[in-house]
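Trainee: Curious how this folds, go ahead:
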Amino acid sequence: MKFVAAILFALFVVVPASANLSRFDHIVIMVQENRTPDNLFYTLCATRLCSTHPDSSTYDIETANWLDKNAKGGVINPSPLPLATRYGPAHTHMAFVSMCDFDLANGTCRMDGAGDILCKHCPPNTPFTYVAHAIRPYLVIAKSYGWANYMFQTNQGPSFPAHQFLFGATSAPSRAADHEGTFAAENAENNNRMNGCIAPVGSTVALINAKGIEFKNIYPCFEHETLGDLLDQAKVSWRYYTPGAGHVWSAPDAIRHICRPSNGVCAGSIWRKHLALYPPEVLWDISRCALPGVSWVIPSAQYSDHAGSDTGSGPAWVATVINAIGNSGCRNGDGTPYWDSTAIVVTWDDWGGFYDHEPPTFMAYPEGGYQYGFRVPMLFVSAYTPAGYINNERLDFGSIIRFVEYNFGIPMGELTFADARSTRNLARFYDLSATPRKFRTLPSGIFNGPGGNKIEAPDDD
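Mentor: Alright, predicted model coming up:
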């Protein structure tokens, strides 16, 4: 009887799965598009104090008297704009230079150049707007988990280089180019659809040098190590969920040894193993308990928050993925539930041409000719993140790469790119020794996938 009692005790006494958790088993990096804290999270200030001189309890979001050198009195008050629009401000490197309005004497941006010249097809003062409603899931996430006051994009330009930094910690065409301060600065030219190593002949991308000057154009196919390579070496599974091959947001397609272009398609074994060309496939992988160690989740345009392209469904998309993880019944090999073993980082790839009052901190040369760019929002979600946590460290995309390296035992800075130049790794957003918080389902509305279709398992290749 004592033996039977011992067996029953072992079956019914459950040791908390997080008791010996030394790292996250899964990191999910969700990349939305083209927003700043002042633009997208303005309404956080309706429920909590905001300040331009924040402490540990305040959001650094400015709600009035935005600087505009073209306005009467030099300031303008923001006006509301829907999340979904048919237009959007320019966000090229030239747009960065204009909005920055560099003060040579002080070595800082004046942050007063977001004039209508950067938004040719927009209503007046479009860069000086804020999203007034329909983003409740984002607000709930920010108040329930972690918010970064000072996350800066690592580049001073648009999506193509930004996504390169988020995947490989650089937009340089090679390791040597990165170390001398030469980066791809813009989106590719001369094509409308395909980017990277499968772009049409004649496609080019502008390079920028250490002095911040665009000086020549090259074909947008690069060769250097990426975080994906480090994960492969560490035997950590990863997957890149993207809207399609050759998409401007599909960063691995621009890395030659991953893509291995052949007859206009990426044919490499690494690419075929790790790329998913239908973003909602991440929900299928969660449902079948096959979430990789690291996931990059890139939405289709309509769910991206990209002004001029999105349908206002970005908050529902993000909340749906988080809810799928939080409510999953899946467990890892050690019995830890997905929710207790997953960190979710939500960030935006660039500022999208919208106003933000906080000037970037520039790096030293040579890399500083193109780094940093403007602030973008960042949310950190995990069972070990205190509700309403506000982080005041100065972070960038390199901090996300460092966090992944740190979590999986890869030497931080191993790529020698932005991961080496950044000094923070997101570790203050969580405490793995704490008791995991119970997940509470986020408000999301209904997300049924592209075209309103029910999300189903993809066809096997």
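
Trainee: Any figure for the gap between I400 and R428?
Mentor: Counting by C-beta to C-beta, to the nearest Å, the gap from I400 to R428 is 14 Å. Glycine gets a C-beta too; all of them are placed from N, C-alpha and C.

Trainee: who's more crowded, the two?
Mentor: Looking at I400 and R428 with other C-beta atoms under 10 Å, you find the greater number of neighbours at I400, namely 29 against 15.

Trainee: Not counting its neighbours along the chain, what's nearest the more buried one?
Mentor: V345 (5.9 Å; C-beta to C-beta, 6 or more residues apart in numbering).

Trainee: Could I get the CA-only coordinates of the strand or helix carrying that neighbour as PDB?
Mentor: Using DSSP states H and E, V345 sits in strand 342-348. This file holds the C-alpha atoms of strand 342-348, laid out as PDB (Å, rounded to 0.1, in the frame of the first residue of the first chain):
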ATOM      1  CA  THR A 342       8.000  31.700 -24.400                       C
ATOM      2  CA  ALA A 343       9.100  35.300 -24.800                       C
ATOM      3  CA  ILE A 344       7.300  37.400 -27.400                       C
ATOM      4  CA  VAL A 345       9.000  40.600 -28.700                       C
ATOM      5  CA  VAL A 346       6.700  42.900 -30.700                       C
ATOM      6  CA  THR A 347       8.500  45.800 -32.500                       C
ATOM      7  CA  TRP A 348       8.000  48.000 -35.500                       C
END
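
Trainee: circling back to that earlier point, would you mind listing the residues in contact with the residue nearest to I400?
Mentor: Shown in contact with V345 (C-beta atoms under 8 Å, 6 or more residues apart in numbering): I27, V28, I29, M30, M378, L379, F380, V381, I400, F403, L426.

Trainee: do that again at 7 Å, thanks
Mentor: I29, M30, M378, F380, I400 (C-beta atoms under 7 Å, 6 or more residues apart in numbering).

Trainee: In helices, which of the residues you listed fall?
Mentor: I400 (DSSP state H).

Trainee: Now rank the contacts of V345 by neighbours and give me the top one.
Mentor: Greatest neighbour count in the contacts of V345, by other C-beta under 10 Å, goes to I400: 29 neighbours.

Trainee: Quick check: next helix or strand after the helix or strand hosting A142?
Mentor: Element membership of A142, judged by DSSP H and E, is helix 136-144. As assigned by DSSP H and E, the chain's next helix or strand after helix 136-144 is strand 146-152.

Trainee: quick one: that following strand to chain centroid distance?
Mentor: Centroid displacement of strand 146-152 relative to its chain, using C-alpha atoms, centre = their mean, to the nearest Å, is 12 Å.

Trainee: ok and that strand relative to helix 136-144, angle-wise?
Mentor: Interaxial angle, strand 146-152 versus helix 136-144 (axes from the mean of the first three to the mean of the last three C-alpha atoms, to 10 degrees): 100 degrees.
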